[in-house]
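Asks: Mind folding the following:
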Amino acid sequence: MTYLRPLLILSFLLATSACSPSNQPVPTPNAPPASTPVPSATPTPTVVPTATPLTCLTAPGIVDKGSVATTKPVQLFLIYLPPCYDVQTSNKYPVVYLLHGQTYIDDEWVRLGAPIAADNLIHSKRSVPFIMVFPDDRYWNVEAGAGFGDRLIDDLIPYIDQNYRTLPDREHRALGGLSRGGGWTVELGLKNYNMFGSLGFHSPAIASVDGPYVKNWVRSVPANSWPRVWIDAGDRDAELGSMTQFEQLLSSYGIPHEWHLFTGDHSEAYWNAHVTEYLQWYADGWNTTVPSPTP
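Replies: Numbering: from 1, shown residues only. Modelled structure (predicted):
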């Protein structure tokens, strides 16, 4: 009995020690799982607006009519506005004034196909868009006819620059005419050389009595201020002699110009056959100085 009690005590201590929480294996916390990339929110791509082609760029231009009421008589005109003129409202355009022949009115160039030719040049990118103005000279055989030049220079051109989006400077303004309109272009273009960067004389009707005046007008243009010049005529034109003399006068003064002697006569059929060439020549004068149209 003496040894039994200590053994019981020892057994009790061992038993309680085995049950003690301090001797229980302490579970090791699970290690955090290996870091896996958490997908971040996919940013919404930024849409950069691109210039959408304007459907109007493939549409035809429009021909409108107008008048300048501040002149006597009222100065009538037709005007061609290029494709997208009413949409691209910040764009400005070169302008060519095209004068018709005697006995005709402001629609002659339209009938000859100038608007269609302009559309084709613009659509095919052979020309920047441009404006054409067709002034009316129906009073050629009455007293008011003599005042056409003043109405064009003093009234119509300022009116067009104020009411339409033209580039109102010499470099981007041209003047041309056929027959009587070509004769007017000789007088008005040379007397106002500072207003026009290009002058087109298409079968110009130059009266022999005007010869001395024409020579004076040519001599009055400073050598470094000459506009671009085009002259053309048909080889069967009844007035070819006066046109040839005019061309020779320019050559005698060393004035740069283009001289084209085509097959044909003094008729609308002849001018219709060359209207695209005329407009391409005018356009070549500003194609490198006008930026492409912005959408």
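
Asks: if I've got this straight, Asn141 is in a strand?
Replies: No: Asn141: not assigned to a strand; according to DSSP: H, G, I helix; E, B strand; the rest coil it is coil.

Asks: Just want the phi and psi numbers for it.
Replies: phi -100, psi 10 (degrees, to the nearest 10).

Asks: That one: how many residues sit nearby?
Replies: 9 (other CB atoms under 10 Å). Backbone N, C-alpha and C define where each C-beta goes, glycine included.

Asks: Ok, Lys215 next?
Replies: Residue neighbour count, defined by other CB under 10 Å, stands at 14 for Lys215.

Asks: Find the nearest non-adjacent residue to it, please.
Replies: Residue nearest to Lys215 in three dimensions, not counting chain neighbours: Leu249, with 6.4 Å by CB to CB, 6 or more residues apart in numbering.

Asks: ditto for Ile206
Replies: Nearest non-adjacent residue to Ile206 (CB to CB, 6+ apart): Ser242, at 4.7 Å.

Asks: a strand runs through that neighbour, doesn't it?
Replies: No: assessed with three-state DSSP, Ser242 is helix; it does not lie in a strand.

Asks: Report the central residue of the protein.
Replies: Pro129 (3.0 Å; CA atoms, centre = their mean).

Asks: now the helices: where do they sit in the stretch 151-295 of the chain?
Replies: 157-163, 180-191, 211-220, 240-252, 268-284 (DSSP state H, counting those that start in this stretch).

Asks: And the strands in the chain?
Replies: For the chain, strands defined by DSSP state E occupy the ranges 62-68, 75-81, 95-99, 131-135, 173-178, 198-202, 228-234, 258-262.

Asks: sorry, back to before: wait, which of the helices of the stretch 151-295 of the chain is closest to Pro115?
Replies: helix 268-284 (9.9 Å; CB to CB).

Asks: List the buried residues in that closest one.
Replies: Of all the residues in helix 268-284, those buried under the rule 16 or more other CB atoms under 10 Å are Tyr270, Trp271, Ala273, His274, Val275, Thr276, Tyr278, Leu279, Gln280, Trp281, Tyr282, Ala283.

Asks: Can you give me the distance of the second one to Leu178?
Replies: Noted for Trp271: a distance of 5 Å to Leu178, by CB to CB, to the nearest Å.

Asks: can you list residues touching both of the two?
Replies: Shared contacts of Trp271 and Leu178, defined by CB atoms under 8 Å, 6 or more residues apart in numbering, are found at His202, Ser203.

Asks: State the distance from Phe262 to Asp237.
Replies: Plainly put, Phe262 is 10 Å away from Asp237 if you go by CB to CB.

Asks: So which of these two has more stuff around it?
Replies: Taking other CB under 10 Å, Phe262 and Asp237 do not tie; Asp237 has more neighbours (22 against 15).

Asks: So the more buried one sits against Asp265, correct?
Replies: Yes: here Asp237 reaches Asp265: they are 5.6 Å apart, a contact under CB atoms under 8 Å.

Asks: Identify the residues contacting Gly182.
Replies: Gly182 neighbours (CB under 8 Å, 6+ apart): Leu99, Gly176, Gly200, Phe201, His202, Ser203, Pro204, Ala205, Ile206.
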